[in-house]
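Asks: Task: produce atomic coordinates for the following.
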Amino acid sequence: MKLVKLTPLVLSAFYACTSFAFVSRPSLVLPSSSVASSLADTGSVTTAAVAESSIEIDPKECVKLFGRLAEKYIMLDASGGLCCYSACSDCEFRLPDGGYIMSEMSAARPKWIPCYEQRSQESGKEHSSKWSDEIFGEAMALTTEEFVEQVSALTYVPPLGGPFCSAKDGKEIINNTISRFFDILVREGSEKLTKHRMATRMKELAGEDEGINW
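Replies: Sure, this is the predicted structure:
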């Protein structure tokens, strides 16, 4: 079980369709439509990838969005760390490169956006993702307006990665940044985004990995 960095495909969900190291770019021209398969792993924005109608977003707006959704903790291995870490040759918790599947990870500052709503381990430990609890709460689906309102109300904390944006500067976020993210997540033709759909779509953007980090 791995974590995915913000690859071109995932970055497009945060309005940055280039490599994750976009500190040197003063602004980004982003497609006005939802994520297109032609963006996957290109490493750059092509003419075909950018629609005629495009939107220019300051990279710091991407950070403001990421800093609202990211967490300091992520649960990875549902086994709850049952591995004995003794380098057993047939260990189901070993990775192909010889490393181990970690049961969980934590950081001093927000670093990951989990792709799950809620997860539990065999030990009984549970974790609900921030976006699941604080954006949706008890609601099963949200309209664009409701989603924008809930996300903008989330506390921004400077995350690990991306251009630095202080807590003070991150308090305000352009609503259009959030609504465009909604468009990428929502099912085509639907006016509401369900909690389940957000989890599945995030998983797709992460290439079936467990979470997204910058």
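
Asks: and residue 108, how many neighbours does it have?
Replies: With neighbours defined by other Cβ atoms under 10 Å, the count for residue 108 comes to 7. Bear in mind the C-beta positions are built from the backbone N, C-alpha and C, glycine included.

Asks: for it, what are its contacts?
Replies: Residues in contact with residue 108 (Cβ atoms under 8 Å, 6 or more residues apart in numbering) are 72, 160.

Asks: Can you tell me the element it falls in?
Replies: Here residue 108 sits in a region with no helix or strand, counting by DSSP states H and E.

Asks: got it, and the one 5 residues further on?
Replies: For residue 113, the element it lies in under DSSP H and E is strand 112-114.

Asks: what mean pLDDT does that strand have?
Replies: Strand 112-114 shows a mean pLDDT of 93.

Asks: C-terminal to it, which secondary structure element comes first?
Replies: Towards the C-terminus, the helix or strand next in line after strand 112-114, according to DSSP H and E, is strand 118-120.

Asks: Model confidence score at the nearest residue in space to residue 167 that is not next to it in sequence, please.
Replies: Once flanking residues are discounted, residue 167 sits nearest to residue 158: 6.0 Å by Cβ to Cβ, 6 or more residues apart in numbering. According to the model's per-residue confidence, residue 158 sits at a pLDDT of 97.

Asks: what are the ranges of the strands in this structure?
Replies: 3-5, 28-31, 54-57, 73-75, 104-106, 112-114, 118-120, 126-128, 141-143, 192-194, 211-213 (DSSP state E).

Asks: and the residue lying closest to residue 131 once chain neighbours are set aside, what does it touch?
Replies: Computed as Cβ to Cβ, 6+ apart, the closest residue to residue 131 that is not its neighbour in sequence is residue 69, at 5.4 Å. Residue 69 makes contact with 113, 130, 131, 151, 154, according to Cβ under 8 Å, 6+ apart.

Asks: 7 Å instead, please
Replies: Taking Cβ atoms under 7 Å, 6 or more residues apart in numbering as the contact definition, residue 69 lies against 113, 130, 131.

Asks: who touches the strand holding residue 113?
Replies: Judged by Cβ under 7 Å, 6+ apart, the contacts made with strand 112-114 from elsewhere in the structure are 3, 69, 70, 71, 74, 129, 211, 212, 213.

Asks: for the fifth one, what are its contacts?
Replies: So the one you mean is residue 74. With contact taken as Cβ under 7 Å, 6+ apart, residue 74 is in contact with 104, 105, 112, 114, 210, 211.
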